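A.B. asks: Here's my sequence, what's the structure:
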Amino acid sequence: MNVNECRFYEAQYPEPEEFVVVKVRQIADMGAYVQLEEYGNIEGMVLLSELSRRRIRSVQKLIRVGKREIVVVLRVDKDKGYIDLSKRRVTPEEAVKCEEKYQKSKAVHRIMRLLSSKANVEMEELYKMFAWPLYKKYPHAIDAFKLALDDPEAIFGEFNLDPTLLDELMSIIRRSLTPQPVKIRADIEVNCYGYQGVDAIKKALKAGEECSTEEIRLIAPPLYVLTTNSLNKAAGTETLEKAISTIEEAIKSEEGGEFVVKMRPKAVNEHEEKELADLLARAERENAEVSGDEYSSDEAP
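C.D. replies: Numbers count the residues shown, from 1 in each chain. All right, here's what the predicted structure looks like:
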């Protein structure tokens, strides 16, 4: 068996009334032929009458080849290998729960596939060793894997795994499940045309940085960028929002103070981070002689 076709769960077939994620393989007159990824890509069918509660005018608008769909199992004939499925009987709430389970199982499967490749052991053998038993013992195997981050022996000790295999497994689990910090960024414009001028800007920015932002950098007067790293996207966004409010309040309390948010706090990807780094590097070259407006975190106000 192809390692990528190893089923996620110990059961070879789903049970009636079970919700599963399928990938559409072919659309025919009778309905859609699909593959059940969680069950080793075995084939099932969503009959035309089970695609939608509404009158079907165009099958292509309801279901497309290559797309993943959430369906419910109607009938399973294990002898003939027939699996009848329904899309129209799935409620939005049931779809959300099924998607959550699928994503967890997919994460477990990814870890098992990596371990299979590294250890040169068939995926099914690895599932039999510890993953399928963990599905029975815990709400989900991914919950056991997360607990193993703190105490591997408590989770895997009962399976007497080869030490080398266990070390490789824990290495993969740590890389896969340890939260990674997210960089949050916001862009603002700060001006002050009053008597305090530059000092007012420095004071306002310093107040914002004390809200625990990682850094406030000048791009080109009057544009500044605020950044922070956080394991929690919502918390990081909240931090920058607080910094923005603090800066706005401080600068607008000064005569001639002006403030504009150019970009609200958002998580930035690697490409956006590189663009910002290039922009900052260019700005530093162009402002080799420090202007009166420049501010950095190591400069006293």
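
A.B. asks: In the chain, what residue spans correspond to strands?
C.D. replies: Taking DSSP state E, the strands of the chain run over residues 19-27, 31-36, 42-47, 68-77, 82-86, 182-192, 215-220, 223-230, 257-267.

A.B. asks: May I see those strands organised as a markdown table, with distance to Lys128 and mean neighbour count added?
C.D. replies: Where you see a C-beta, it was placed from the backbone N, CA and C, and this is true even at glycine. Converted to a markdown table, the strands of the chain look like this (distance: least, CB to CB, whole Å; neighbours: other CB atoms under 10 Å):
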| stretch | distance to Lys128 | mean neighbour count |
| --- | --- | --- |
| strand 19-27 | 22 | 19 |
| strand 31-36 | 20 | 22 |
| strand 42-47 | 19 | 20 |
| strand 68-77 | 22 | 18 |
| strand 82-86 | 23 | 19 |
| strand 182-192 | 37 | 21 |
| strand 215-220 | 50 | 18 |
| strand 223-230 | 40 | 19 |
| strand 257-267 | 39 | 15 |
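
A.B. asks: what would the ones you listed look like in CSV with distance to Leu134?
C.D. replies: Listed next are the strands of the chain as CSV, based on distance: least, CB to CB, whole Å:
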stretch, distance to Leu134
strand 19-27, 20
strand 31-36, 22
strand 42-47, 23
strand 68-77, 24
strand 82-86, 26
strand 182-192, 29
strand 215-220, 42
strand 223-230, 31
strand 257-267, 32
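
A.B. asks: closest one to Ile201 among those strands?
C.D. replies: Closest to Ile201 of those, according to CB to CB: strand 182-192, at 5.3 Å.

A.B. asks: Just give me how far that closest one sits from the chain centre.
C.D. replies: The chain centre lies 24 Å from the centre of strand 182-192; the measure is CA atoms, centre = their mean, to the nearest Å.

A.B. asks: sorry, back to before: tell me which of the strands of the chain sits nearest to Glu273.
C.D. replies: Proximity to Glu273 (CB to CB) singles out strand 182-192 among the strands of the chain, at 6.3 Å.

A.B. asks: name the helices or strands packed onto the closest one?
C.D. replies: Packing partners of strand 182-192 (3 or more CB pairs under 8 Å, 6 or more residues apart in numbering; DSSP states H and E): helix 197-209, strand 223-230, helix 233-252, strand 257-267, helix 270-286.

A.B. asks: Please name whichever of these is nearest to Glu124.
C.D. replies: That would be helix 270-286 among these, by CB to CB, at 35.7 Å.
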